[in-house]
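Undergrad: sharing a model that was predicted from the sequence below.
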Amino acid sequence: MSPAPLLSVSDLRVGFATEEGVVQAVDGISFDLRPGEVVAIVGESGSGKSVTAQTIIGLTRANNARIEGSVKLEGEDLLSASDSDLRRLRGDRIGMIFQDPMTSFNPVYRIGDQIVEAIRAHRETSKSEGKRRVVELFEAVGIPNAERRVDDYPHEFSGGMRQRAMIAMALALEPEVLIADEPTTALDVTIQAQILGLLEQLNRERNLATILITHDLGVVAEVADRVLVMYAGKVVEEGTLDEIFYDPQHPYTWGLLGSLTRIDRPRPHRLPQIAGSPPSLLDLPDGCPFRPRCPHEFSKCPQYPGLEARLPEAADHRDRCWLTPEEKKAKRLVEGQIGLEPPPEVRQA
Ligand SMILES: Nc1ncnc2c1ncn2[C@@H]1O[C@H](COP(=O)(O)OP(=O)(O)OP(=O)(O)O)[C@@H](O)[C@H]1O
Ligand SMILES: [Mg+2]
């Protein structure tokens with residue numbers, strides 16, 4: 001039996017009041033995260049990925065935000081937790097890694113000192129003990145010459161090393177949950193692969209529960225167990241990594257797979273990228289918000305289907321598309337063989 005969820009997000013909604021109206025950035029997202037599991041949230045720019053992550057850790061609490069639903073960490077409701085409880089919890093139980101570590105480190109202080117201070121904000125530790133801990137962390141995340149590099153300033157680190165230092169900082173207090181928002185986007189492909197490898201290793205070794213946010217399904221393929229595909233604030237498809245890659249059900253997922261850049265394997269198909277751009281959240285069409293861009297739109301699409309399991313053999317593989325599984329399979333074949341041929345290693349597993 002799978003372990004109980006560490007983090008449970010249930011029907012989370014986040015709307016921002018703006019002069020033009022309410023921007024419903026997150027519109028009813030639910031998922032569970034278990035120890036050792038990597039849940040990926042994928043989607044184009046503006047789909048609500050970061051707002052989801054930020055809301056979990058209380059960073060969207062502002063006058064213009066309306067937050068509904070629930071976020072529970074081992075049963076404790078984070079949405080109603082006090083600001084001070086949340087501050088205590090950030091870093092301590094939930095670590096965070098962001099896209100650009102340059103903005104996460106203050107350029108005028110040594111990297112090591114900044115991590116020591118982050119530790120000392122939560123734990124009673126001497127400076128020298130803290131520094132020893134940072135050296136250990138640097139070694140764990142693969143920063144060479146850790147003893148010496150703890151005294152460097154942020155600009156003395158390369159992009160990849162800065163990202164490793166950011167990961168060291170996120171792990172400093174041994175959190176149970178790690179939230180990584182586009183952790184490799186700013187890096188070139190080789191470094192990206194190294195950082196993803198490191199995240200996967202840490203995840204395994206420390207039994208971390210990880211939320212990985214990215215617009216790139218190639219990144220997801222490297223490390224995720226489960227995948228949530230978001231479009232305009234809603235999950236349009238969710239399933240295991242293999243289900244999303246080898247039996248994708250939603251035409252939007254097919255589009256994302258079409259724009260895939262895989263590090264380790266050639267593209268499995270020849271699809272064009274998705275035409276058009278994501279909709280304005282202030283002016284969504286009725287029904288499925290993807291329909292203006294969807295080549296398969298038909299008479300039912302002005303109503304939005306629920307997120308449901310539509311394949312008899314896969315109870316946790318859900319999507320929001322009215323096409324029948326048979327129609328989807330046929331259309332996928334026409335579109336370019338997406339997902340129909342799992343590579344040998346997956347078939348054997
Ligand atoms: N404070 C805010 N006030 C108003 N709108 C906001 C606010 N914060 C975010 N939004 C809007 O919410 C939507 C979702 O934003 P979010 O940052 O979650 O997107 P994302 O999926 O992370 O995209 P990206 O890939 O570009 O990072 C966007 O339309 C954004 O403009
Ligand atoms: Mg984002």
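TA: Received the coordinates, thanks. Ligands and ions are numbered 1, 2, ... in the order given.
Undergrad: close to ligand 1: what parts of the stretch 201-349 of the chain are there?
TA: Applying C-beta under 6 Å from any ligand atom, we find that the stretch 201-349 of the chain lies next to ligand 1 at H215, L281. Using the backbone N, CA and C atoms, a C-beta is placed for each residue, glycine as well.
Undergrad: low-confidence regions, the stretch 201-349 of the chain specifically.
TA: Low-confidence regions of the stretch 201-349 of the chain, defined by pLDDT under 70, span residues 261-273, 334-349.
Undergrad: quick one, helices of this protein?
TA: Applying DSSP state H to the chain gives helices spanning 49-56, 83-92, 101-104, 111-120, 127-140, 146-149, 159-171, 189-206, 217-223, 241-246, 251-258, 325-336, 344-348.
Undergrad: tell me the residue of the stretch 101-250 of the chain that sits nearest ligand 1?
TA: Minimum separation of the stretch 101-250 of the chain from ligand 1 (C-beta to the nearest ligand atom) falls at H215, amounting to 5.0 Å.
Undergrad: excluding chain neighbours, what is closest to that residue?
TA: With C-beta to C-beta, 6 or more residues apart in numbering as the measure, E44 is the residue that lies nearest to H215, at 5.9 Å, once sequence neighbours are left out.
Undergrad: the one you found against L217, yeah?
TA: No - here E44 lies out of contact with L217, judged by C-beta atoms under 8 Å, at a distance of 11.2 Å.
Undergrad: the more surrounded of those two?
TA: Residue environment comparison for E44 versus L217 gives the larger neighbour count to L217, 25 against 17, counting by other C-beta atoms under 10 Å.
Undergrad: before we move on, back to that, joint contacts of E44 and L217?
TA: Where contact means C-beta atoms under 8 Å, 6 or more residues apart in numbering, the residues bridging E44 and L217 through contact with each are L256.
Undergrad: next, the contact list for the residue nearest to H215, please.
TA: So E44 contacts H215, Y231, L256, I274, S277, P278 (C-beta under 8 Å, 6+ apart).
Undergrad: dump those into CSV; add neighbour count as well.
TA: Converted to CSV, the contacts of E44 look like this (neighbours: other C-beta atoms under 10 Å):
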residue, neighbour count
H215, 18
Y231, 26
L256, 26
I274, 19
S277, 11
P278, 16
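Undergrad: wait, which of those residues is closest to D77?
TA: Taking C-beta to C-beta as the measure, D77 sits nearest to Y231 out of the contacts of E44, at 27.5 Å.
Undergrad: which residues touch the closest one?
TA: Neighbouring residues of Y231 by C-beta under 8 Å, 6+ apart: G43, E44, S47, Y252, P278, P289, F290.
Undergrad: what is it paired to in the beta sheet?
TA: Y231 forms beta bridges with K234, as assigned by DSSP bridges.
Undergrad: okay, now the unreliable bits of the stretch 51-200 of the chain?
TA: In the predicted model of the stretch 51-200 of the chain, residues 100-102 satisfy pLDDT under 70.
Undergrad: would you mind listing what in the stretch 51-200 of the chain touches ligand 1?
TA: Neighbours of ligand 1 within the stretch 51-200 of the chain, by C-beta under 6 Å from any ligand atom: V51.
Undergrad: state the distance from the residue most central in space within the chain to V51.
TA: The centroid of the chain falls nearest to I213 when counting by C-alpha atoms, centre = their mean (2.0 Å). Relative to V51, I213 is positioned 10 Å away (criterion: C-beta to C-beta, to the nearest Å).
Undergrad: now do P295
TA: Computed with C-beta to C-beta, the distance linking P295 and V51 is 29 Å.
Undergrad: who has more neighbours, those two?
TA: Here P295 and V51 are set side by side on neighbour count (other C-beta under 10 Å), and the busier one is V51, at 23 against 12.
Undergrad: which residue packs closest to that one, ignoring adjacent ones?
TA: For V51, the nearest residue in space outside its immediate sequence neighbours is A25; the separation is 4.2 Å by C-beta to C-beta, 6+ apart.
Undergrad: I'd like to know how many residues surround that neighbour.
TA: Other residues within reach of A25, judged by other C-beta under 10 Å, total 23.
Undergrad: next up, the contacts around it.
TA: A25 makes contact with V14, G15, F16, G48, V51, G233, L281 under the criterion C-beta under 8 Å, 6+ apart.
Undergrad: and E243, by the same measure?
TA: If a contact means C-beta under 8 Å, 6+ apart, then E243 has A314, H317 as its contacts.
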